[in-house]
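*Asks:* predicted structure and sequence below. I'll ask about it afterward.
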Amino acid sequence: MQYKLVNSNAYLMHYGVKGMKWGVRKEYVPKGRRKSKRTDSAVDFMLQNPDLTAYAIAATYVLARFGAKRVSDLRKQGWFSEKYTSADVDRCHTTKEEDLRIINKLPGLDESTVDKLAYVSSVDQLSKSEQDAVNKVIKDGWMENCVYCTTAGALRRKGYDVEAKNSPGRGHSHEQTMRWWKGSKIENFMGESESNPKRAEAFQTHTETRESKSKRSYDEQIAHMSKTLEKQGVGAYGDLRLYGFFCGHSTEYSVEKDGVKIHDNQVKHTYNSLEEYMKYHKQFDPHMSTFIRLDNCEPDLDRILKEHAVKPRGK
């Protein structure tokens, strides 16, 4: 380092050191935490490999940063999940009618018990007799997320042998569903639609604001919803979202020869009409509803699997 006396005021002027670049500081790394080449190479690998799941990325980073023992410890705690590719998912060998019986029936439960299942966080909130009945017919995973269940039902209609993954207590947005289904759009019952996933939530808010001023009565709105869905034609199906003042719910609708049916795949129960469904679910305001038609869309199966919404059935 060199110093030069410029004038009688005698101030110091810094000329820098060899190789120094102005405005660039060396990264400060606390003692004992210096990054290794192994960490950098692992991060590069993650960025360059789009096929990795979030779990695989996490495992790669932890392996590079903390070593194999930590990965093993976290795996035992259930931090990492199995990775599926679309090639792992077989086509269903059941007919449509057989498949609906598989995903929509819980034998041995009366309808009042079935109606409660989607709205309790634990079987402990049911009566003792209801708990016994539920435990007989459902051994595991009955509280899967409703959006996962609707997605699994729609995929099974397209012939994929999948089931919803267990994910209690997690909500999922319209944006996520639209990203799972190529070419999908969110629609309301005023004839408006939005095809940009990033604007899906704003569209939902817009719908709630507009419909709150609707002049249709409760029953008139339900009849209007049924007619709107029926116009799609027999064979159409999709995701129907219903909202109330404290919760929302995703169901699968299908247009059949005898009208619109509602399949609440979370509790594996089918209602013969929208009117019947709303009769048992008065906590939802039909004026706030939206839907995403799925029969005319192709699923991004790799993305759905990587985001762990569904899994191959039986795994």
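*Replies:* Yes, it's here. Here the structure is a predicted model, which is why all the values come from computation and not from measurement.

*Asks:* beyond whichever strand or helix holds Tyr243, next helix or strand please.
*Replies:* Assigned by DSSP states H and E, Tyr243 falls within strand 237-244. Downstream of strand 237-244, the first helix or strand assigned by DSSP H and E is strand 248-256.

*Asks:* what comes up buried for that next one?
*Replies:* Across strand 248-256, burial judged by 16 or more other Cβ atoms under 10 Å covers 248-255. For every residue, glycine as well, the C-beta is placed using N, CA and C.

*Asks:* ok, now stretch 298-306?
*Replies:* In terms of neighbour count (16+ other Cβ under 10 Å), stretch 298-306 has its buried residues at 299, 301-302, 304-306.

*Asks:* of the residues you listed, which is the nearest to Gly244?
*Replies:* Taking Cβ to Cβ as the measure, Gly244 lies nearest Ile304 of those, at 27.2 Å.

*Asks:* now the buried residues of stretch 298-306 in a markdown table, with distance to Leu126 and pLDDT?
*Replies:* Compiled in a markdown table, the buried residues of stretch 298-306 are given as follows (distance: Cβ to Cβ, whole Å; pLDDT from 0 to 100):
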| residue | distance to Leu126 | pLDDT |
| --- | --- | --- |
| Pro299 | 34 | 95 |
| Leu301 | 35 | 92 |
| Asp302 | 38 | 90 |
| Ile304 | 31 | 91 |
| Leu305 | 32 | 88 |
| Lys306 | 35 | 84 |
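
*Asks:* among those, which two are most distant?
*Replies:* So, those by Cβ to Cβ: farthest apart are Pro299 and Lys306, at 12.5 Å.

*Asks:* between the strand holding Tyr243 and strand 248-256, how many degrees?
*Replies:* Angle of strand 237-244 versus strand 248-256, following axes from the mean of the first three to the mean of the last three Cα atoms, to 10 degrees, is 140 degrees.

*Asks:* just checking, what packs against strand 237-244?
*Replies:* helix 146-157, strand 248-256, strand 284-293 (3 or more Cβ pairs under 8 Å, 6 or more residues apart in numbering; DSSP states H and E).

*Asks:* got the angle between it and strand 284-293?
*Replies:* 150 degrees.

*Asks:* mind listing what's buried in strand 237-244?
*Replies:* 237-243.

*Asks:* among the residues you listed, list the two that are farthest apart in space.
*Replies:* Within the buried residues of strand 237-244, two members stand farthest from each other by Cβ to Cβ: Tyr237 and Tyr243, at 20.3 Å.

*Asks:* which regions of the stretch 51-200 of the chain sit below the pLDDT cut-off?
*Replies:* 51-83, 96, 99-107, 115, 117-123, 137-144, 167-171 (pLDDT under 70).

*Asks:* now the helices for it?
*Replies:* Counting by DSSP state H, counting those that start in this stretch, one finds helices in the stretch 51-200 of the chain at the ranges 54-66, 68-76, 96-104, 111-117, 128-137, 146-157, 174-180, 200-211.

*Asks:* the fifth one: which residues count as buried?
*Replies:* In other words, helix 128-137. Here helix 128-137 shows 130, 133-134 as buried, counting by 16+ other Cβ under 10 Å.

*Asks:* so Ala236 sits against Val255, correct?
*Replies:* Yes. At 4.5 Å, Ala236 counts as touching Val255 under the criterion of Cβ atoms under 8 Å.

*Asks:* overlap in contacts of those two?
*Replies:* Here Ala236 and Val255 have Leu229 as joint contacts, going by Cβ atoms under 8 Å, 6 or more residues apart in numbering.

*Asks:* ok, Phe284 touching Arg241?
*Replies:* No. Counting by Cβ under 8 Å, Phe284 does not reach Arg241; the two are 9.6 Å apart.

*Asks:* so what's the spatially closest residue to His263 that is not a sequence neighbour up against?
*Replies:* Take His263 and drop its neighbours on the chain: the residue closest to it by Cβ to Cβ, 6 or more residues apart in numbering is Glu252, 4.3 Å away. Glu252 sits next to 149-150, 153-154, 237-240, 262-265 when contact means Cβ under 8 Å, 6+ apart.

*Asks:* low-confidence ranges in the stretch 201-315 of the chain?
*Replies:* Using pLDDT under 70, the stretch 201-315 of the chain drops low at 211-213, 245-246.

*Asks:* just to revisit the earlier point, quick check, nearest of the buried residues of strand 248-256 to Tyr160?
*Replies:* Among the buried residues of strand 248-256, Glu252 lies closest to Tyr160 (Cβ to Cβ), at 14.3 Å.

*Asks:* who is the closest one paired with across the strands?
*Replies:* Glu252 has these beta-bridge partners by DSSP bridges: Asp239, His263.

*Asks:* if I look at it, how far off is Ala164?
*Replies:* With distances taken as Cβ to Cβ, to the nearest Å, Glu252 is found 11 Å from Ala164.

*Asks:* shared neighbours, these two?
*Replies:* With Cβ under 8 Å, 6+ apart as the test, Glu252 and Ala164 both reach 149, 265.

*Asks:* and Leu229, what does it touch?
*Replies:* With Cβ under 8 Å, 6+ apart, Leu229 has these contacts: 236, 240, 253, 255, 260, 274, 291.
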